[in-house]
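1. predicted coordinates and the sequence they were generated for:
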Amino acid sequence: MAVTKYSRIAIALVGVAIATPSYAYLDPGTGSVILQSLLAGIAVAMGLLRFYWHQFKIFLGNLMGNAPEQPEQAAEELEQDSDIQNPS
């Protein structure tokens, strides 16, 4: 017997109609896990933004209609940033 789309919908509706309450709850630790996940997502977004900062500036410049940076100028800025972070 083939189960059709309409029979699946009917079975789902009957299941919802006769379902009993589960009396489930969220324990106090759930809030901290949600908060930790949000903070981790923000940290990852900040890390990616830092990693791709020059490409992000060019993207925003293109969105705003400003002329894009010259690749040589971006390379010089990147070199200067790396010299500041890693002095020899």
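-> Yep, that arrived. Numbers count the residues shown, from 1 in each chain.

2. for residue 63, see how far away residue 26 is.
-> 40 Å (Cβ to Cβ, to the nearest Å). (C-beta placed from N, C-alpha, C; glycine too.)

3. and the helix or strand where residue 59 lies, what does it pack against?
-> Counting by DSSP states H and E, the element that carries residue 59 is helix 53-64. The contact analysis (3 or more Cβ pairs under 8 Å, 6 or more residues apart in numbering; DSSP states H and E) places helix 53-64 against helix 71-85.

4. quick one: low-confidence residue ranges for this structure.
-> For the chain, the stretches with pLDDT under 70 are 1-2, 67-88.

5. for it, longest helix please?
-> Identified as the longest helix of the chain according to DSSP state H is helix 28-51.

6. for residue 49, which residues are in contact?
-> Residue 49 makes contact with residue 56 under the criterion Cβ atoms under 8 Å, 6 or more residues apart in numbering.

7. what helix or strand does residue 7 sit in?
-> According to DSSP H and E, residue 7 maps onto helix 5-17.

8. let's see that helix as PDB, backbone CA atoms only.
-> C-alpha atoms of helix 5-17 as PDB (Å, rounded to 0.1, in the frame of the first residue of the first chain):
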ATOM      1  CA  LYS A   5       0.900  12.900   0.600                       C
ATOM      2  CA  TYR A   6      -2.700  13.300   1.800                       C
ATOM      3  CA  SER A   7      -2.500  10.200   4.100                       C
ATOM      4  CA  ARG A   8       0.700  11.500   5.700                       C
ATOM      5  CA  ILE A   9      -1.000  14.900   6.400                       C
ATOM      6  CA  ALA A  10      -4.000  13.100   7.800                       C
ATOM      7  CA  ILE A  11      -1.800  10.900  10.100                       C
ATOM      8  CA  ALA A  12       0.100  14.000  11.300                       C
ATOM      9  CA  LEU A  13      -3.200  15.900  12.000                       C
ATOM     10  CA  VAL A  14      -4.600  12.900  14.000                       C
ATOM     11  CA  GLY A  15      -1.300  12.700  15.900                       C
ATOM     12  CA  VAL A  16      -1.500  16.300  16.800                       C
ATOM     13  CA  ALA A  17      -5.100  16.100  17.800                       C
END
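
9. buried residues, it. List them.
-> Within helix 5-17, no residue counts as buried by 16 or more other Cβ atoms under 10 Å.
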